[in-house]
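Trainee: give me a 3D structure for the following:
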Amino acid sequence: MLKLIGAALVLFAGTMIGFVQAARFAERPRQIRHLLHALQRLETEIGYGQTPLPDALRRMALVLPPPLSGMFADIAGELRSERGGTVSESWERVLSDNWSSTSMRAGEKEAMLRLGASLGGSGKEDQLKHVRLAMLQLQDEESAAREEQQRYEKLSRSLGVLGAALVVILML
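Mentor: Take a look at the predicted model:
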């Protein structure tokens, strides 16, 4: 009886591990899509609203889900604080501190760091070009993430169940 309960727990745990990994594959393209919407909003704020950057970032944070909302709110907060750092420094510091809480990878981070290096230090048209470039790079990353999701999401679920079943068979 005790072995059956243990086997059921192992099977349940292995299945859940597979489903959690599958959820990670699904979350990455979703977060990239949210980031693309945020950059479209930033492009509008820069191009038409002529909103100061901290205000634009704060507005973006209000419409984004966590953890992205927290990153943009932190950047806006740092720009408003009296630390005296540049936009690039604040952007890089916040992204480095908070990136691990996202499901995104190095390609997306690199695109965002390049964007942060160009914001606030040049004219409106130049900033808009950099935002558009970052959006193009993120669109490429999103398509790669969607392909990866299609390829590995179902595989992760299956491996979780089958791996747990193997452990159960070896236990009994």
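
Trainee: which residues touch the closest residue to Glu78 other than its chain neighbours?
Mentor: Spatially, and ignoring its direct neighbours in sequence, Glu78 is nearest to Ser90 (4.0 Å; C-beta to C-beta, 6 or more residues apart in numbering). (Each C-beta comes from the backbone N, C-alpha and C, glycine too.) Neighbour list for Ser90: 75, 78-79, 83 [criterion: C-beta atoms under 8 Å, 6 or more residues apart in numbering].

Trainee: whichever of those end up buried, select them in ChimeraX.
Mentor: The buried subset of the contacts of Ser90, as determined by 16 or more other C-beta atoms under 10 Å, is captured in ChimeraX by this line:
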select :75,78,79
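
Trainee: counting by contacts, list what the helix or strand encompassing Ile5 packs against.
Mentor: Using DSSP states H and E, Ile5 sits in helix 2-44. For helix 2-44, the contact count by 3 or more C-beta pairs under 8 Å, 6 or more residues apart in numbering; DSSP states H and E identifies helix 53-63, helix 68-80, helix 106-118, helix 124-171 as packing neighbours.

Trainee: please report how far the residue nearest to Glu78 lies from Ile75.
Mentor: Distance of Ser90 to Ile75, given as C-beta to C-beta, to the nearest Å: 6 Å.

Trainee: Gln127 now?
Mentor: According to C-beta to C-beta, Gln127 and Ile75 sit 15 Å apart.

Trainee: over to Leu35?
Mentor: With C-beta to C-beta as the criterion, Leu35 and Ile75 are 13 Å apart.
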